[in-house]
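*Asks:* next comes the sequence, and after it the predicted model I'd like to discuss.
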Amino acid sequence: MTGSRARADGTRHRTERAAGPGATLVRGLVAGAAGVAAMTLAEKVEQRLTGRPNSFVPAHTLRRLLGLPPRPDRERVALNWTMHWGQGIALGPLRMLMAEHGMQGAVASFLFLNVRLASDQTLENLTGAGAPPWTWPRDEQRTDLLHKAIYAFVTGAVADRLAQDGDGSRRHGYADDGAGASARRQDLFREADRPRRDPDAGERRRTAMRPSARGEALNRAYGVRVSVPGRSDLADVPVLVVAGDEEEAMILAAEAAGPRAQAEVFRELTKAEIREHRLDLTERGSVTALPVLAL
């Protein structure tokens, strides 16, 4: 099954932070609220500088969606804030889902920006509360795009942060290279340089380590590539794994790299390579990351 992939699965191989639909929803609402707060602050600063009055298009949109009778804008302030905050918060869980499925960073936030713009224009134009953006004055187009970009990128940054598993290693929109990347690769596997054994090592080890007729352990050594979605500096990191078979080797490597990591066996090591890298085939479960691995 060389070439197939294995993913660290919290339900089968480790206990991870609770993540179900409810937790995703709550974290998404928090991210959306943070994005709206940042956008609102930016709008108030911009209005103070430019003298632009408040826009009541959100109130008009929500009024028409709810079928409410027309009223003066001064009587629709609460409706305006409800639509302004509600729409931005409601879209937060979508960005949270993106982050939890590996779509993180500046590119993901740019895609989310387009979702927000499409949501605004769809609702405003379907209800007749707004006009197509290409009919707006250019300064209004720039202002709206700036504010929605602030919303999208702040929401994305918070969602990406909440999607982490506490290691603080994901970074929004950027990935270092060179020495920094190499150091993080070694950090990723700092716990993996020691043998990793099953909790029930006794009986399982005796079963797995039955000697063959030639007196050799049944374990084998594999070259495995490990990647973490959303981390360009942690793509195709080569590691050596001692395991009973390819599937176990992929699972062990993915577990060593952390949640959402993917692993792929690209070949089994020869006896000469096992001697060269000083691998002990009795150490089932060992995962070793090397700075340079010519396999």
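*Replies:* Looks like it came in fine.

*Asks:* domain parsing of this structure, as residue ranges.
*Replies:* Structurally, the chain divides into domains by automatic domain parsing as follows: 5-14+176-289, 21-163.

*Asks:* want to throw the ones you listed into JSON lines with mean neighbour count and mean pLDDT?
*Replies:* From N, CA and C alone the C-beta is placed, and that goes for glycine too. JSON lines is the format used below for these (neighbours: other Cβ atoms under 10 Å; pLDDT from 0 to 100):
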{"stretch": "domain 5-14+176-289", "mean neighbour count": "17", "mean pLDDT": "67"}
{"stretch": "domain 21-163", "mean neighbour count": "17", "mean pLDDT": "93"}
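
*Asks:* is it fair to say Gly285 lies in a strand?
*Replies:* No - Gly285 sits outside any strand when classified using DSSP: H, G, I helix; E, B strand; the rest coil, being coil.

*Asks:* how much space separates it from Ala256?
*Replies:* Noted for Gly285: a distance of 10 Å to Ala256, by Cβ to Cβ, to the nearest Å.

*Asks:* with Leu79 instead?
*Replies:* Distance from Leu79 to Ala256, by Cβ to Cβ: 53 Å.

*Asks:* and the host helix or strand of Gly28, what does it pack against?
*Replies:* Secondary-structure assignment from DSSP states H and E places Gly28 in helix 21-50. When contacts are defined as 3 or more Cβ pairs under 8 Å, 6 or more residues apart in numbering; DSSP states H and E, helix 21-50 sits against helix 77-100, helix 138-163.

*Asks:* mind running it again at 10 Å?
*Replies:* helix 77-100, helix 106-127, helix 138-163 (3 or more Cβ pairs under 10 Å, 6 or more residues apart in numbering; DSSP states H and E).

*Asks:* okay if I get these as CSV plus distance to Arg52?
*Replies:* Shown next, in CSV, are these (distance: least, Cβ to Cβ, whole Å):
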stretch, distance to Arg52
helix 77-100, 15
helix 106-127, 17
helix 138-163, 7
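
*Asks:* between those, which one is closest to Gly67.
*Replies:* Nearest of those to Gly67, taken as Cβ to Cβ: helix 106-127 at 10.4 Å.

*Asks:* quick one, the closest one and helix 21-50 angle?
*Replies:* Counting by axes from the mean of the first three to the mean of the last three Cα atoms, to 10 degrees, helix 106-127 lies at 80 degrees to helix 21-50.

*Asks:* contact partners for the residue lying closest to Gln121 once chain neighbours are set aside?
*Replies:* Setting aside the residues directly before and after it, Gln121 is nearest to Pro133 in space (Cβ to Cβ, 6 or more residues apart in numbering), at 6.3 Å. Pro133 is in contact with 117, 120-121, 124-125, 140-141, 144-145, counting by Cβ atoms under 10 Å, 6 or more residues apart in numbering.

*Asks:* all set now, cheers.
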